[in-house]
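Q: here is my input, please return the structure:
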Amino acid sequence: MTDETIVPIGPQHPALKEPANFMLTVRGEKITDADLSLSYNHRGMERAAEDRNYLENIYLMERVCGICSHSHTTAFVQAVEELAGIEVPERARYIRTLIGELERLHSHLLWLGVGGHEMGFDTLWHYAWRDRELVLDSLEELTGNRVNYAINTIGGVRADVTDEQAEMVLENVAQVRERAEYYREVVPEEETVRLRAEGVGYISKTDAKRMCAVGPTARASGVPTDVRKEDPYAAYDELDFDVVVSDRGDLLGRILVRLDELIQAVDLCTQVIENMPEGDLRGVDRPAHTLSNVVEEGEAVSRYEAPRGELIHYVRSDGSPNPVRVKIRAPTLANWPSVVQGLKHSYLADAPMIVAGIDPCISCTSRIGVEMNEIGGISGGPEGIETLGDLGDYATEWYARRGDEPERRAE
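A: Numbers count the residues shown, from 1 in each chain. Here you go, the predicted model:
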């Protein structure tokens with residue numbers, strides 16, 4: 001007989017926008033232990049990249065995450081450009097930076113609204129998403145798209161920024177800055193926010209370091225990690241900004257960091273536009289569709305400070321038009337251990353807010369693992385399954401027997 005109970009949350013749950021499973025051990029209303037299971041939503045993006053050339057993969061990488069589409073394409077093309085020995089022009093680097101900071105505004109405002117909704121503060125949700133429209137309007141004006149911006153190409157960017165567009169963006173982000181300053185003053189003092197966020201989901205600086213937390217999650221626990229400062233890319237080495245840090249370690253600290261980063265992102269957008277140099281948009285003069293043929297054999301690691309934290313793309317080439325391997329380490333994957341730590345010793349009612357505190361993107365992180373036995377077969381698999389090809393054939397036959405679109409599956 002024990003006074004502890006295991007409470008499952010997910011993979012289907014009203015508080016989860018994507019599937020994950022948390023097994024929470026509770027004593028009364030307090031969580032004493034937590035376990036996490038992922039990979040309910042595997043999409044095979046890394047494997048799909050091997051069947052496409054480098055230019056086609058930009059389109060694929062942009063769809064790893066709808067909110068961080070520019071982050072993923074920039075991280076990917078930086079790796080490809082390193083392998084191909086392509087130097088990106090300065091103006092193109094500034095444009096990439098501008099889109100990246102607008103994307104940070106988009107992401108943080110979206111998260112602020114979702115966070116407000118999760119804590120029962122729907123007025124904040126409506127306000128934040130109203131202001132987010134100014135950012136999306138700016139992105140649409142610059143790129144033609146509100147979500148997947150398609151601005152990156154190998155060697156630079158696909159579109160320039162005109163004087164009229166720059167003026168429109170400056171006007172919009174000035175309004176966003178005014179609103180962000182209002183949120184920074186009002187939100188932390190609002191009673192609902194303090195009751196639902198202060199002291200909730202605490203992660204110490206020591207634990208954040210030990211668990212390799214990234215982005216606002218790490219910075220809210222006093223860890224001053226930011227790829228833009230540690231390993232500058234695009235135009236960040238020419239811009240003036242500080243790493244936003246809080247030593248609170250709780251959910252309120254994660255809110256404060258993002259609110260301050262809203263203001264900082266506006267200032268960075270302004271710096272980029274006011275100091276953008278003239279010059280070319282691409283570092284090569286050959287058609288983009290031929291660039292897959294000039295990628296040298298080798299491997300490259302690209303780091304990028306996405307809105308959620310450090311994003312890593314690893315690309316390996318054998319000199320052919322298609323990559324041999326593309327590996328993506330999304331920031332959410334790095335932050336899951338800290339979520340589990342934050343859940344422990346918290347109240348059960350706070351679990352959805354603690355999970356939302358890292359701004360999780362679950363489909364970005366889900367993977368499938370295959371364990372091979374000593375003789376090369378797949379451990380625990382059906383009889384006769386010895387290779388991944390056998391596993392694929394078995395899956396096709398299984399779906400065909402079930403009658404689940406066998407013709408499409410067989411293709």
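Q: three-state assignment of Ala300?
A: strand (DSSP: H, G, I helix; E, B strand; the rest coil).
Q: in the sheet, who's paired with it?
A: Beta-bridge partners of Ala300, counted by DSSP bridges, are Val315.
Q: tell me the pLDDT at it?
A: Model confidence at Ala300, given as pLDDT, is 96.
Q: my guess is it meets Ile86, correct?
A: No - the pair Ala300 and Ile86 does not pass the contact test of Cβ atoms under 8 Å, sitting 11.7 Å apart. (Glycine included, C-beta is placed from N, CA and C.)
Q: low-confidence ranges, this protein, go.
A: 1-2, 15, 368-388, 402-411 (pLDDT under 70).
Q: need the longest helix for it.
A: The helix that spans the most residues within the chain, counting by DSSP state H, is helix 90-118.
Q: same for the next helix or strand after that one, what does it pack against?
A: Toward the C-terminus, helix 90-118 is succeeded by helix 122-143 as the next helix or strand (DSSP states H and E). Secondary-structure packing of helix 122-143 (3 or more Cβ pairs under 8 Å, 6 or more residues apart in numbering; DSSP states H and E): helix 90-118, helix 163-186.
Q: element containing Glu56?
A: Applying DSSP H and E, one finds Glu56 within helix 54-61.
Q: which other residues reach that helix?
A: Under the contact criterion Cβ atoms under 8 Å, 6 or more residues apart in numbering, helix 54-61 has outside partners 45, 48-49, 52, 72-73, 75-77, 80, 150, 152-154, 288-289, 291-292, 295, 313, 321-323, 326.
Q: among those residues, which are in strands?
A: Counting by DSSP state E, the contacts of helix 54-61 place Asn152, Thr153, His313, Val326 in strands.
Q: mind listing what the last one touches?
A: By Cβ under 8 Å, 6+ apart, the contact set of Val326 is Glu46, Ala49, Glu50, Asn57, Phe76, His313, Tyr314, Val315, Arg316.
Q: any quick PyMOL command for the buried ones out of these?
A: Buried members of these, defined by 16 or more other Cβ atoms under 10 Å, are picked up in PyMOL with:
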select buried, resi 46+49+57+76+313+314+315+316
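Q: filter the contacts of helix 54-61 to the buried ones?
A: Neighbour-count burial (16+ other Cβ under 10 Å) applied to the contacts of helix 54-61 gives 45, 49, 52, 72-73, 75-77, 80, 150, 152-154, 288, 291-292, 295, 313, 321-323, 326.
Q: returning to what we had before: output the contacts of Val326 as JSON lines; include the columns distance to Gly10.
A: Below are these laid out as JSON lines (distance: Cβ to Cβ, whole Å):
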{"residue": "Glu46", "distance to Gly10": "24"}
{"residue": "Ala49", "distance to Gly10": "28"}
{"residue": "Glu50", "distance to Gly10": "31"}
{"residue": "Asn57", "distance to Gly10": "31"}
{"residue": "Phe76", "distance to Gly10": "30"}
{"residue": "His313", "distance to Gly10": "28"}
{"residue": "Tyr314", "distance to Gly10": "29"}
{"residue": "Val315", "distance to Gly10": "33"}
{"residue": "Arg316", "distance to Gly10": "34"}
